[in-house]
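**Q** Structural data only, the sequence is not supplied:
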């Protein structure tokens, strides 16, 4: 079992920055990959970024490359998503998720079994 608690998010103007956090408990944190996903109203949940258990490998969706950065602090059992140059189209509920069966990062949503509670990010134009 893995428990994920998210923090951060909010309402910002276009061009601003935000940082999301995802604190994990329940299993050895460095043993599993973590991803960030988002879901806008009327849309399917989509991948944003993923990071391996060691933190050495990261992947990003094309829509956020160069603007978002995923990182993790295994000593604090926390994964972060730093978001810069935010756009109105980044507006969504953001979720972190854990893939407990693998240390290898992936953007495939189906690999993730444990999910955070979600946090709203709203970017105004």
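**A** Thanks, I have it. Keep in mind the model is a prediction, meaning the values are calculated, not measured.
**Q** Show me the strands in the protein, by range?
**A** Along the chain, counting by DSSP state E, strands occupy 3-7, 10-13, 18-25, 33-39, 46-51, 58-60, 68-73, 78-83, 92-99, 114-115, 119-124.
**Q** so which of the ones you listed comes closest to residue 107?
**A** strand 46-51 (4.0 Å; CB to CB). Bear in mind the C-beta positions are built from the backbone N, C-alpha and C, glycine included.
**Q** residues touching the one residue sitting closest to the centre of the chain, list them.
**A** With distances taken as CA atoms, centre = their mean, the residue of the chain nearest its centroid is residue 36 (2.2 Å). Residues near residue 36 by CB atoms under 8 Å, 6 or more residues apart in numbering: 20, 22, 47-50, 70, 79, 81, 94-97.
**Q** May I see these organised as JSON lines, with pLDDT, distance to residue 87 and neighbour count added?
**A** Below are these laid out as JSON lines (pLDDT from 0 to 100; distance: CB to CB, whole Å; neighbours: other CB atoms under 10 Å):
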{"residue": "20", "pLDDT": "98", "distance to residue 87": "16", "neighbour count": "24"}
{"residue": "22", "pLDDT": "98", "distance to residue 87": "22", "neighbour count": "27"}
{"residue": "47", "pLDDT": "98", "distance to residue 87": "17", "neighbour count": "20"}
{"residue": "48", "pLDDT": "98", "distance to residue 87": "13", "neighbour count": "25"}
{"residue": "49", "pLDDT": "98", "distance to residue 87": "16", "neighbour count": "26"}
{"residue": "50", "pLDDT": "98", "distance to residue 87": "21", "neighbour count": "26"}
{"residue": "70", "pLDDT": "98", "distance to residue 87": "18", "neighbour count": "24"}
{"residue": "79", "pLDDT": "98", "distance to residue 87": "22", "neighbour count": "30"}
{"residue": "81", "pLDDT": "98", "distance to residue 87": "15", "neighbour count": "28"}
{"residue": "94", "pLDDT": "98", "distance to residue 87": "14", "neighbour count": "24"}
{"residue": "95", "pLDDT": "98", "distance to residue 87": "19", "neighbour count": "23"}
{"residue": "96", "pLDDT": "98", "distance to residue 87": "21", "neighbour count": "30"}
{"residue": "97", "pLDDT": "98", "distance to residue 87": "23", "neighbour count": "23"}
